[in-house]
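Visitor: just a sequence and a predicted model for now, questions to come.
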Amino acid sequence: DAGVTQSPTHLIKTRGQQVTLRCSPKSGHDTVSWYQQALGQGPQFIFQYYEEEERQRGNFPDRFSGHQFPNYSSELNVNALLLGDSALYLCASSLPGGRRQPQHFGDGTRLSIL
Amino acid sequence: GDSVTQMEGPVTLSEEAFLTINCTYTATGYPSLFWYVQYPGEGLQLLLKATKADDKGSNKGFEATYRKETTSFHLEKGSVQVSDSAVYFCALTSGGSNYKLTFGKGTLLTVNP
């Protein structure tokens, strides 16, 4: 039973570029959330997708956008990259059911901005 | 808004020592509470959870009890091993924001042989 898979593992970009990160949820899960984890900090919620719609969004600018596909996989897009966007980006999937359902995380994509 | 406060690390223990990592929270309504663990270079793994007051979550020798009166969810283990060395995160979801996890800053645990 495959868990949450993310690609790529590492990515290096320069300021002003755009990036797309990908996530496949755990089998049977239909809800995908994205988090940003800066070095030495706890993850910060970016947004969550369910039924191909953005269901909730955290305090991130519009440069951060996403998409969910009919097979429940998801993409995170970041435009006009800033040095401060350097972080580990984590994808998590869960079953429907709100706050009682635990979220299961992938190993993340390490994004470095030069 | 929701928030989670964890004891500051790093915490360094000898093998077989008793572990406590304190966690307190502020949340809307009745939150669900979680402990996640992150090993070096990896994502987060769910360690245990509790969804209502007085519930005790447990897994791999770790335990935490949901204490509504003190708004706490402290993580404990009776005898730590070197393999428990990792960063531990306390987190919650609440009625005010059903879908997002709010995390503490994490506590680095190092267990020496």
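Guide: Looks like it arrived, so ask away.

Visitor: for chain B, which segments count as strands?
Guide: B:3-6, B:11-14, B:19-21, B:23-26, B:32-38, B:44-50, B:56-59, B:62-65, B:75-77, B:86-94, B:97-103, B:107-112 (DSSP state E).

Visitor: go through the first one and flag the buried ones.
Guide: Going back to what we said before, that points to strand B:3-6. The neighbour-count check on strand B:3-6 (16 or more other Cβ atoms under 10 Å in any protein chain shown) flags B:4, B:6 as buried. The way it works is simple: take the backbone N, C-alpha and C, and place the C-beta from them, glycine included.

Visitor: excluding chain neighbours, give the residue nearest to residue 6 in space.
Guide: I went with chain A, as the question did not name one. Closest residue in space to residue A:6, ignoring its immediate chain neighbours: residue A:106 at 4.0 Å, by Cβ to Cβ, 6 or more residues apart in numbering or on different chains.

Visitor: my bad, the chain I had in mind was chain B
Guide: Per Cβ to Cβ, 6+ apart, closest to residue B:6 is residue B:104, 3.7 Å.

Visitor: pretty sure the one you found sits against residue B:23.
Guide: Yes. With contact defined as Cβ atoms under 8 Å, residue B:104 counts as touching residue B:23 (6.3 Å).

Visitor: okay, and the common contacts of those two?
Guide: Contact criterion Cβ atoms under 8 Å, 6 or more residues apart in numbering or on different chains; residues bridging residue B:104 and residue B:23 by contacting each: B:4-6, B:90.

Visitor: list the contacts for the closest residue to residue A:80 other than its chain neighbours?
Guide: Nearest residue to residue A:80 in three dimensions, chain neighbours excluded: residue A:63, at 5.4 Å (Cβ to Cβ, 6+ apart). With contacts defined as Cβ under 8 Å, 6+ apart, residue A:63 is in contact with A:78-80.

Visitor: swap in 10 Å and give it another go.
Guide: A:18, A:77-82, A:85 (Cβ atoms under 10 Å, 6 or more residues apart in numbering or on different chains).

Visitor: need the buried ones from those selected in ChimeraX.
Guide: Buried residues within the contacts of residue A:63, by 16+ other Cβ under 10 Å, are selected in ChimeraX with:
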select /A:78,81,85
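
Visitor: so which pair among the contacts of residue A:63 is furthest apart in space?
Guide: For the contacts of residue A:63, the farthest-apart pair by Cβ to Cβ is A:77 and A:82; their separation is 14.4 Å.

Visitor: out of the contacts of residue A:63, which sit inside strands?
Guide: Per DSSP E, those map to strands at A:77-78.

Visitor: turn the contacts of residue A:63 into a markdown table, including pLDDT.
Guide: Formatted as a markdown table, these follow (pLDDT from 0 to 100):
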| residue | pLDDT |
| --- | --- |
| A:18 | 98 |
| A:77 | 98 |
| A:78 | 98 |
| A:79 | 97 |
| A:80 | 97 |
| A:81 | 97 |
| A:82 | 97 |
| A:85 | 97 |
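
Visitor: okay, the strands of chain B in CSV with mean pLDDT next?
Guide: Formatted as CSV, the strands of chain B follow (pLDDT from 0 to 100):
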stretch, mean pLDDT
strand B:3-6, 95
strand B:11-14, 97
strand B:19-21, 97
strand B:23-26, 96
strand B:32-38, 95
strand B:44-50, 95
strand B:56-59, 97
strand B:62-65, 98
strand B:75-77, 98
strand B:86-94, 93
strand B:97-103, 80
strand B:107-112, 97
